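> Here you go, sequence then predicted model.
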Amino acid sequence: MASLRDIRKHISSVKSIKQITYAMKMVAAARIKRAQNAILSARPFAEEMDRLIADLYGELSGDDLYGTEAGRLFEERPADSPLCLVLVTGDKGLCGSFNTNLLKAAAAWMRANRGRKIYALAAGRKGRDFLRRLKGLDLELSHELVGIFPKVTYAHAQILKEAVLKLYDEAGVESVTLIYNEFKSMMAQHVVTDQLLPLKKHILEAGPERPPRRTDFSFEPQKTELLGALLPRHIGAQLYRTLLESQAAELAARMSAMEAASKNAADLIDGLTLKMNKTRQAMITTELNEIVSGSEALNG
Amino acid sequence: MDKKHLLLTIVTPERTVLSGKPVDSVAVPAAGGELGVLPGHAPYVVQLKEGMMHYKDGPNKEFFSVLSGFAEIAPDRVLVLAEAAELAKEVDEERARQAYQKAKDKLSFKPADLDLEEAGAALRRAAARLKVAEFQRKRRRQQQ
């Protein structure tokens, strides 16, 4: 049986762990508000952007696009060219299964595409470390973005966008896949595997029903050129949204993980306190017993 | 509304700067030169470059720095999609000047790994912000 001293030590160490997890929970809770606001304030821009692209796209026919900078982002590429993976993870652990689930999804994706050259872009330290550890795959870590959470700005998305487009242009990758955590609610995150490039045409037509446009716009510069300038920004906005989602999801995951940890620590402390009291009681009883039996032996 | 107004909306990826504010006129730095917009302007979509935009709302004139984007102009509203937009009073002149100096140094020093296009863009951005900041200062002095 553990001595009283051991139990006391154990209790104090659990207490300090609890303090830390509780503090981390509070920090995550404070930050998540800001992360959610960031998602909300990024929305109008993305919506207006999508609408503008859809309007422009509606004005053009497929032939107009062919061979232009904008058309390039739409066209299908041969199926045996390399692939590109953008993996968005957290920078730090202690957030439950947030990173594990992501890495599992990434591993599954790589297994599905075994034998093909993969260019990987990692946002977040955990994903980068994971990709670096991998062996026996034709994988090249071409860009990494580390230490950006929890302060993602549009500039980060732009850096990522440029890296993606550069790969898309120069390495001739067939498609660019995004793996990230979507922020569903405070309690639930959801791993998403999404295709970023080539742009799917139905993205443009999907979305809420739009009233047909009444006015004919003039454009400066020409439509195709304008679209060519718009689309990279659209990709930037999409990457920005992805980073923000992942950031909010990470904070939410950390908050619930740390809350569970604090609760477990409290339970543990309760159990240990009970055990300590029992041990102390047992010690007192033994001592009393010894005194009584000793005096009886003397008197006897 | 007895008088004609334009509804001005400015959004950037990070925030909505203005949302449907009724103004009298808007001037935006279009790729081919500054473009003034009054109510009833022909529908127009235009690419913007880094520069200064301003709007007039009665006697008030408000200035912004805009760092590349797009403007969609309809007869009764103007929508500006910019990568960044800052109110003139929010621009920190000292910081803008430092950024400008840094970009300029970088261009003249020409390190081996210099991306010319990017450095040039950085310089133009810094110049736009600096211009807005200086303009704001002058205006303030005039008012005093």
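Yep, it's here.

> and A:H143, that's in a strand?
Yes: the assignment for A:H143 by DSSP: H, G, I helix; E, B strand; the rest coil puts it in a strand.

> Tell me, how many residues neighbour it?
Neighbourhood size, A:H143 [other C-beta atoms under 10 Å in any protein chain shown]: 19. Glycine gets a C-beta too; all of them are placed from N, C-alpha and C.

> ok, now how distant is it from A:I53?
According to C-beta to C-beta, to the nearest Å, A:H143 stands 25 Å off from A:I53.

> so what's B:V132 up against?
Counting by C-beta atoms under 8 Å, 6 or more residues apart in numbering or on different chains, B:V132 makes contact with B:52, B:63-65, B:86, B:88, B:91.

> Give me the below-cutoff pLDDT ranges for the stretch 151-300 of chain A.
A:200-216, A:300 (pLDDT under 70).

> Can you show me the helices along it?
A:154-170, A:201-205, A:223-299 (DSSP state H, counting those that start in this stretch).

> Mean neighbour count and distance to chain B added to those helices, as a markdown table?
Output for those, formatted as a markdown table (neighbours: other C-beta atoms under 10 Å in any protein chain shown; distance: least, C-beta to the nearest C-beta, whole Å):
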| stretch | mean neighbour count | distance to chain B |
| --- | --- | --- |
| helix A:154-170 | 18 | 4 |
| helix A:201-205 | 12 | 16 |
| helix A:223-299 | 17 | 5 |
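
> Which one of the ones you listed lies nearest to A:M49?
Taking C-beta to C-beta, helix A:223-299 is the member of the helices of the stretch 151-300 of chain A nearest to A:M49, at 5.5 Å.

> and the longest helix for chain B?
helix B:116-143 (DSSP state H).

> what's B:K56 sitting at in phi/psi?
phi -120, psi 130 (degrees, to the nearest 10).

> Neighbours of it, how many?
The local packing of B:K56 (other C-beta under 10 Å) involves 16 other residues.

> who touches it in this structure?
Listed by C-beta under 8 Å, 6+ apart, the contact set of B:K56 reads B:23-26.

> Outline the domain layout of chain B.
B:6-88, B:91-143 (automatic domain parsing).

> mean pLDDT for these: which is lowest?
Lowest mean pLDDT within those: domain B:91-143, a mean of 75.

> still on that earlier bit, just the domains of chain B: most buried one?
Ranked by mean neighbour count, the domains of chain B are led by domain B:6-88 with a mean of 19 (mean count of other C-beta atoms under 10 Å in any protein chain shown).

> now do the same end-to-end measure for that one.
With C-alpha to C-alpha, to the nearest Å as the measure, domain B:6-88 spans 21 Å from end to end.

> circling back: show me which of the contacts of B:V132 is closest to chain A.
B:E86 (13.2 Å; C-beta to the nearest C-beta).

> So the closest one lies in a helix, does it not?
No: counting by three-state DSSP, B:E86 is not part of a helix but strand.

> Which residue, other than its chain neighbours, is closest to it?
B:S65 (4.9 Å; C-beta to C-beta, 6 or more residues apart in numbering or on different chains).

> and the residue nearest the centre of chain A, what does it touch?
Most central in chain A under C-alpha atoms, centre = their mean is A:S246, positioned 3.4 Å from the mean C-alpha point. By C-beta under 8 Å, 6+ apart, the contact set of A:S246 is A:88-90, A:123-124, A:149, A:180-181, A:183.

> any idea how far it lies from B:I73?
Separation of A:S246 from B:I73 (C-beta to C-beta): 36 Å.

> what's the answer for A:A157, then?
Counting by C-beta to C-beta, the gap from A:A157 to B:I73 is 27 Å.
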